[in-house]
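Undergrad: kindly generate the corresponding structure for this input.
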Amino acid sequence: MKKNKTIIIAEIGVNHNGNINVAKKLINIVKKSGADYVKFQTFKAENLVRTNTKTAQYQSKNLGKKITQFNLLKKLELSDNDHNKIIKHCNKKKIRFMSSPFDLESLNLLFRLKIFNIKVASGEINNYIFLKNLAKKAKKIFISSGMSTLDEVSQAIKILIKNGAKRKNITILHCHTDYPTQLSDVNLFAMETMKKKFNINVGYSDHTTGSETAIAAVALGAKVIEKHITLNKNMRGPDHKASMEPKIFFNYVKLIKNTETLLGSYLKKPSRSELKNKKLVRKSIVAKRNIKRGEIFSEVNLICKRPEGGISPINWNNVMGKKSKRNFRTDDFISLK
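TA: Residues are numbered from 1 along each chain as shown. The predicted structure follows:
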């Protein structure tokens, strides 16, 4: 049984900084990288956050100044027309579009645009009415679980399934909601815990700065890897610092694909490339010295040497004690005939 391909989601998110041209440049880069999806964020600031809500600590740190979440997000909104332009460009470049809606109006916008593969941000995992409406129309659901307990993940899965989603179409992404994530906070074994407990597809939404977490996640069975991408980590914005620049992202995708290749299948058998070496490396039972007809085979007159071609050493006990039926010279393959 061969391992399924890992889906790679390149998260542009809000790293377009409200500029469609930046968004298109990033889409072009994602296409060249070999990733499967390019992902944005769809929201209306007035539906998402109260006007006086503070930014998260990592947001303030990455921005270098204090600003309300409302003012931050308002500048990063994509209009309905922006979505049309971005989707049109994705279709032109033949890269699949995905987005994370943060409110019901935005979810319904995506449905109207015939986007039915939906990524759910960690903050919506306990949003009952959002999950209920999502489950009714979405085809594939990828839900991040940052800041969540196992019980909260279980509750979200139950809401989705109760309202029409199929378990096979749900993927839970293990995630740590701090940007960038420290390696000591990754806790990849939690991904395995969810996979076993819920009998569901799992993946990893990667906010670390390197590539090793994704490699380990794929090795542990992640079906999906999500990673932020930016044109430049020094651009102003909340997520750039925890994102990868193009060259590094290209290598990131390559490492994931290499990991898939080296994992191979679950079948243990010789590969084609090593079969040519088998005959030269495996051994046969041969004469340790000259042996006369009628002589008894023993450790005194037999030895195992390369190459393969005679009696296999695994049959050593079947040869011991037998009478030689003919003469053998040193290094001759032994025969019982």
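Undergrad: enumerate the positions of stretch 317-326 that are buried.
TA: Within stretch 317-326, the residues scored as buried using 16 or more other C-beta atoms under 10 Å are Val319, Ser324. Where you see a C-beta, it was placed from the backbone N, CA and C, and this is true even at glycine.
Undergrad: what's the first-to-last distance across that stretch?
TA: Separation of the first and last residues of stretch 317-326 by C-alpha to C-alpha, to the nearest Å is 20 Å.
Undergrad: cool, and stretch 278-288?
TA: 22 Å.
Undergrad: can you list the buried residues in that stretch?
TA: Lys283, Ser284, Ile285, Val286, Ala287, Lys288.
Undergrad: what sits closest to the first one if chain neighbours are left out?
TA: Computed as C-beta to C-beta, 6 or more residues apart in numbering, the closest residue to Lys283 that is not its neighbour in sequence is Cys304, at 4.4 Å.
Undergrad: surely the one you found is in contact with Ile285?
TA: Yes - shown here, Cys304 and Ile285 form a contact pair, counting by C-beta atoms under 8 Å, at 5.8 Å.
Undergrad: and the spatially closest residue to Phe130 that is not a sequence neighbour, how close does it get to Asn232?
TA: Closest residue in space to Phe130, ignoring its immediate chain neighbours: Glu124 at 5.3 Å, by C-beta to C-beta, 6+ apart. To Asn232, Glu124 is 29 Å away according to C-beta to C-beta, to the nearest Å.
Undergrad: of these two, which one has the most company?
TA: Glu124 (19 against 10; other C-beta atoms under 10 Å).
Undergrad: show me what contacts the more buried one?
TA: Under the criterion of C-beta atoms under 8 Å, 6 or more residues apart in numbering, the neighbours of Glu124 are Phe102, Phe130, Leu131, Ile143.
Undergrad: mind running it again at 10 Å?
TA: Counting by C-beta atoms under 10 Å, 6 or more residues apart in numbering, Glu124 touches Ser100, Pro101, Phe102, Asp103, Leu107, Phe130, Leu131, Leu134, Ile143, Ser144, Ala156.
Undergrad: tell me which stretches of the stretch 151-300 of the chain form strands.
TA: Assigned by DSSP state E, counting those that start in this stretch, the stretch 151-300 of the chain shows strands spanning 170-175, 201-206, 224-228, 284-287.
Undergrad: got the ones you listed as a markdown table, with distance to Val120 columns?
TA: Shown next, in a markdown table, are the strands of the stretch 151-300 of the chain (distance: least, C-beta to C-beta, whole Å):
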| stretch | distance to Val120 |
| --- | --- |
| strand 170-175 | 9 |
| strand 201-206 | 11 |
| strand 224-228 | 12 |
| strand 284-287 | 61 |
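Undergrad: so which of those strands gets nearest Arg96?
TA: With C-beta to C-beta as the measure, strand 224-228 is the member of the strands of the stretch 151-300 of the chain nearest Arg96 (12.8 Å).
Undergrad: what about the closest one, average pLDDT?
TA: For strand 224-228, mean pLDDT is 98.
Undergrad: ok, now stretch 142-153?
TA: In the prediction, stretch 142-153 has an average pLDDT of 98.
Undergrad: can I get that stretch as CSV, trimmed to CA atoms?
TA: The C-alpha trace of stretch 142-153 is given here as CSV (Å, rounded to 0.1, in the frame of the first residue of the first chain):
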residue,chain,number,x,y,z
PHE,A,142,-9.2,21.7,6.7
ILE,A,143,-9.5,22.9,10.2
SER,A,144,-6.6,24.2,12.3
SER,A,145,-6.6,23.3,16.0
GLY,A,146,-4.2,25.9,17.5
MET,A,147,-5.0,26.8,21.1
SER,A,148,-7.5,23.9,21.3
THR,A,149,-7.9,21.0,23.7
LEU,A,150,-8.7,17.5,22.6
ASP,A,151,-12.3,17.9,23.8
GLU,A,152,-12.7,21.1,21.7
VAL,A,153,-11.4,19.4,18.6
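Undergrad: how about that stretch: buried residues?
TA: Residues of stretch 142-153 classed as buried: Phe142, Ile143, Ser144, Ser145, Gly146, Ser148, Val153 (neighbour count, 16+ other C-beta under 10 Å).
Undergrad: likewise stretch 116-123?
TA: Asn117, Ile118, Lys119, Val120, Ala121, Ser122.
Undergrad: which residues in the stretch 151-300 of the chain form helices?
TA: Assigned by DSSP state H, counting those that start in this stretch, the stretch 151-300 of the chain shows helices spanning 189-198, 212-219, 246-263, 272-281.
Undergrad: what packs against the second one?
TA: Just to be clear, that refers to helix 212-219. helix 189-198, strand 201-206, strand 224-228, helix 246-263 (3 or more C-beta pairs under 10 Å, 6 or more residues apart in numbering; DSSP states H and E).
Undergrad: so what touches it?
TA: The list of residues contacting helix 212-219 from outside it, by C-beta under 10 Å, 6+ apart, reads 3, 6, 8, 173-174, 176, 181, 183, 186, 188, 191-192, 202-208, 222-227, 252-253, 255-260, 262-263.
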